[in-house]
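In: kindly generate the corresponding structure for this input.
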Amino acid sequence: MTNNAARYDHVQVILHWLMAAVILFMIALGLYMIELPKQSELPVGEESVRAFYFLLHKSMGITVAVLIILRVAWRLTHKAPPLPDTVSKWQQKAAGAVHVLIYLVMIAMPISGFMQSLFSKYDTKFWGIVLPRMAEADEVMRESFNQVHECLAFLLIGLIVIHLAAAIKHRLSGTEITDRMSLRRD
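Out: Predicted structure coming up:
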């Protein structure tokens, strides 16, 4: 990378990679846990591990929500470095649109997940601490937020694929754009 290439600041880089790792783990965990059998679906005497993974997913989801708040607050007060002139205008607009959509989905995901949990018959726990119940169990509302959460998850997966494809394309073409978010410091 050239010394004059614009970079994101260190906090944005750390938050980007931390959130990327946690969100990818959350997606994998979410896809895994929904396939686990419920206790009622198991033979007598067998114990389901489903609840453990759901509680882990919920706790991590609330943690991600805090990270998203930090990231958005930091991003609003610290501008992104400009893209190089070598990137066409349509690519700059596409990149901007994808980033905005990723941020919106990252905000909506924990909200929809929390709302789903709020209307569940089970308590919402944050790393073992039972959170106050703010609504009565409502299967219709829970299922509605479940569907929203699931749609957002697949939308986020699609946006991540687009984001990764663009990063790979830029890395292979040598535009140094990926260096802007690199963990290494030159």
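
In: kindly provide the distance from Arg50 to Arg171.
Out: 39 Å (Cβ to Cβ, to the nearest Å). All C-beta spots, glycine's among them, are computed from the backbone N, C-alpha and C.

In: with Tyr53 instead?
Out: Distance, Tyr53 to Arg171, by Cβ to Cβ: 34 Å.

In: who's more crowded, these two?
Out: Neighbours around Tyr53 and Arg171, counted as other Cβ atoms under 10 Å, are more numerous at Tyr53. The numbers are 16 against 13.

In: the more buried one touches Gly30, doesn't it?
Out: No. Using Cβ atoms under 8 Å, Tyr53 is not in contact with Gly30, being 9.0 Å away.

In: do you know how far Leu152 is from Leu24?
Out: 15 Å.

In: which one's more surrounded, the two?
Out: For the pair Leu152 and Leu24, the greater number of neighbours falls to Leu152 (20 against 12), based on other Cβ under 10 Å.

In: the more buried one should be in a helix, yeah?
Out: Yes. Under DSSP: H, G, I helix; E, B strand; the rest coil, Leu152 sits within a helix.
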